[in-house]
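only geometry, no sequence info:
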């Protein structure tokens, strides 16, 4: 068998793979389908966070800065930038605090969508969509990560013997 086939088989576990081989030191034990969802949500979180940072910077520096302002309000993107490294490293704590922090940006979006005019109002609507999307993705990510498979019973334990007996009875 070619080496590339062996590598791809090792990187993508099948449904028949024992659960102890599915244990990831960072993510824990999850079935392959849930691992795929976790990875998709991780990338969605990163994309939404980067979009919210980009929107905050572009809004306050170029697109629709406050009248007479110096663009100093762009510093509001700094707290969001602190979360990038944690999301890249699968840190669940980062997803938790980010899901709380994002409500400040949601509140700003609501206030500016109802009080500003023109382009700034549209940008506030985009900020609302991005912040709600980031909150939902962070919350679902944390929920999926907390649903870890139960530990496999040790060989020779009463639970393992009962499971083996039930398996033999089905066959």
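Cool, got the structure. Everything quoted here is computed from the prediction, not taken from an experiment. Residues are numbered from 1 along each chain as shown.

isn't residue 140 right up against residue 41?
Yes - in this structure, residue 140 is within contact of residue 41 by CB atoms under 8 Å, at 5.9 Å. (C-beta placed from N, C-alpha, C; glycine too.)

Same drill for those two, tell me which one is more crowded.
Between residue 140 and residue 41, counted using other CB atoms under 10 Å, residue 41 has the larger neighbour count: 21 against 17.

Am I right that the more buried one falls within a helix?
Yes - assigned with DSSP: H, G, I helix; E, B strand; the rest coil, residue 41 falls within a helix.

List the buried residues of stretch 120-129.
120, 123-124, 127-128 (16 or more other CB atoms under 10 Å).

For the residue lying closest to residue 108 once chain neighbours are set aside, give me its contacts.
Distance criterion CB to CB, 6 or more residues apart in numbering; nearest residue to residue 108, sequence neighbours excluded, is residue 127 at 6.8 Å. By CB atoms under 8 Å, 6 or more residues apart in numbering, residue 127 lies in contact with 52, 55-56, 59, 105-106, 108-109, 112.

that older thread, turn the buried residues of stretch 120-129 into TSV, including secondary structure and distance to residue 33.
What follows is those, written out as TSV (DSSP: H, G, I helix; E, B strand; the rest coil; distance: CB to CB, whole Å):
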residue	secondary structure	distance to residue 33
120	helix	43
123	helix	37
124	helix	37
127	helix	33
128	helix	31
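
of these, the lowest pLDDT goes to which?
Least confident of these in the model: residue 120, at 93.

from what I can see that residue touches residue 112, true?
Yes - Residue 120 is in contact with residue 112 according to CB under 8 Å; the separation is 6.2 Å.

Cross-check the contact I'm expecting between residue 139 and residue 100.
No - the pair residue 139 / residue 100 is not scored as a contact, 10.4 Å apart, by CB under 8 Å.

Just the helices from this structure, written as ranges.
Using DSSP state H, the helices of the chain run over 3-11, 32-58, 78-81, 84-88, 92-115, 119-146, 158-170.

Check the burial of residue 64 by counting its neighbours.
Residue 64 is flanked by 19 other residues according to other CB under 10 Å.

The one 3 residues further on now?
Using other CB under 10 Å as the criterion, residue 67 is surrounded by 5 other residues.

State the pLDDT value of it.
Residue 67 is assigned a pLDDT of 81 by the prediction.

can you check residue 156 too?
On pLDDT, residue 156 comes in at 78.

Report the separation between it and residue 168.
Noted for residue 156: a distance of 16 Å to residue 168, by CB to CB, to the nearest Å.

any weak-confidence spans in the protein?
In the predicted model of the chain, residues 1-25, 149-153 satisfy pLDDT under 70.

residue nearest the centroid of the protein?
The chain has residue 42 as the residue nearest its centroid, 3.4 Å off, counting by CA atoms, centre = their mean.
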